[in-house]
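**Student:** Let me see the structure of the following:
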Amino acid sequence: MTRENTNKHYSLRKLKKGTASVAVALSILGAGLASQTEVKASSLAEEGQQLFSELVEESNTLATVLDKTVEEKIKSDNDHKKQIGELKESLEQMASTLSQSSQRVSQVTNENNNLKAEAARKEQENLEALNNKNEQIATLVNENEGLKESLDNVASTLSESSRKVGEVSNENKVLKEEVAKKEEANKILEASRKRTNRDLETVRNAKKATEAELAKTNAKVEKLEEEKQILEASRKRTNRDLETVRNAKKATEAELAKTNAKVDKLEEEKQILEASRKRTNRDLEAARNAKKEVDAELAKLKAEAEALKEQLAKQAQEIEKLKDSKEASPKAPEAPKTPEKPEVTPKDSGKS
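**Tutor:** Next up is the predicted model:
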């Protein structure tokens, strides 16, 4: 292209130079005719004819060069116009592609936001289900009256609650990790539109993983419902066992000693659970809330144990009175009814 432009400039300079030469020659010819009137007519005619022939030949050459230069200029302009048209078409295609990429990125961002909202909703539903389960467990514990069997079932319920709290804490941790992964994927999509296709594949995989995780969560909720039914059946069995315990009045003093031992064991378990709660507080915030619920359960159990101790003490006093009455009278008095267990109002368990 540079060489072609140089040739064009050279041709134009040559054309200008030739035109100037013709003008100078004509001027010289006119001046010579005016100043040398004495020269012979024949010599002037020959010289003028020769000079005129040379000028005509050079003029024809210059005209040919000019025509060629004009044709090359026209061709070059046409090439430039064609290149400009191609560039415009490429720019329009690039603009269309960029617009489509932007729309796709916006669509993927909306899908990501919907996935995060769905995950948050499922997490809230799981927490509500867990709270409802804890309330049901507390109600069952309050309904379980008695001595040995009651305390055994309370300890079993406490162990089961701790296990479920650990499971729910792990589920919350997994859900938070999934949300963090989705947020990181969203940042990558916003920062690099050129990698849109690869990022979309990553989002699809994340969506599949989330759906699988939600399916697992639903399965665990169903498992909790099954455990609720098991606990209900256990409560009915406990009520039957408690009826048997009420009839066993002669073993009241021995059961009192066993009950005190159970209470001491519960106190030791409370200390162990308290130490576990402190370790859990360093690992996960959600476990802190679960530990508060365990502490509330332990407080209720302790209150129940104290109420049981008072109840057993009253029963012991009544038995002593019955013994005294029996010794004072030949007729055996009617057996006193077993006092019902006072209802312990459950405290709030730190619902989240």
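
**Student:** need the helices for the stretch 151-300 of the chain, in chain order.
**Tutor:** 196-247, 252-283, 285-328 (DSSP state H, counting those that start in this stretch).

**Student:** among these, which is the most enclosed?
**Tutor:** helix 285-328 (a mean of 16; mean count of other C-beta atoms under 10 Å). Where C-beta positions appear, they are placed from N, C-alpha and C, glycine not excepted.

**Student:** Which strands or helices does that one pack on?
**Tutor:** Helices and strands touching helix 285-328, by 3 or more C-beta pairs under 8 Å, 6 or more residues apart in numbering; DSSP states H and E, are helix 41-143, helix 148-191, helix 252-283.

**Student:** now the angle between helix 252-283 and that helix, please.
**Tutor:** Helix 285-328 runs at 170 degrees relative to helix 252-283, counting by axes from the mean of the first three to the mean of the last three C-alpha atoms, to 10 degrees.

**Student:** pLDDT-wise, which helix or strand of this protein ranks last?
**Tutor:** helix 2-35 (a mean of 51; mean pLDDT, DSSP states H and E).

**Student:** pLDDT wise, what is Asn60 at?
**Tutor:** Listed pLDDT for Asn60 reads 69.

**Student:** How about Thr338?
**Tutor:** Per the predicted model, pLDDT is 51 at Thr338.

**Student:** Going forward, the N-terminal residue is numbered 21.
**Tutor:** That works, and once the first residue is 21, the last one we named lands at Thr358.

**Student:** Could you spell out which stretches of this structure belong to which domain?
**Tutor:** Domain segmentation of the chain under automatic domain parsing yields 22-53+62-117, 118-348.

**Student:** rank those by pLDDT, which is bottom?
**Tutor:** Across the domains of the chain, domain 22-53+62-117 has the smallest mean pLDDT, namely a mean of 63.

**Student:** still on that earlier bit, which one of the helices of the stretch 171-320 of the chain lies closest to Gln70?
**Tutor:** Proximity to Gln70 (C-beta to C-beta) singles out helix 216-267 among these, at 79.8 Å.

**Student:** Tell me what angle that closest one forms with helix 272-303.
**Tutor:** Using the same axes, to 10 degrees: helix 216-267 against helix 272-303 is 170 degrees.

**Student:** name the helices or strands packed onto helix 216-267?
**Tutor:** helix 61-163, helix 168-211.

**Student:** Leu262 and Glu326: what is the separation?
**Tutor:** For Leu262, the distance to Glu326 (C-beta to C-beta, to the nearest Å) stands at 19 Å.

**Student:** Same question for Asn130.
**Tutor:** For Asn130, the distance to Glu326 (C-beta to C-beta) stands at 57 Å.

**Student:** and what of Ala226?
**Tutor:** 52 Å.

**Student:** cool, and Lys298?
**Tutor:** 26 Å.

**Student:** Ala232 now?
**Tutor:** 48 Å.

**Student:** cool, and Lys101?
**Tutor:** With distances taken as C-beta to C-beta, Lys101 is found 100 Å from Glu326.

**Student:** One more: Lys201?
**Tutor:** Applying C-beta to C-beta to Lys201 and Glu326 gives a distance of 49 Å.

**Student:** again with Glu247
**Tutor:** With C-beta to C-beta as the criterion, Glu247 and Glu326 are 29 Å apart.

**Student:** for Val314, same thing?
**Tutor:** 19 Å.

**Student:** and what of Ala277?
**Tutor:** Distance from Ala277 to Glu326, by C-beta to C-beta: 16 Å.
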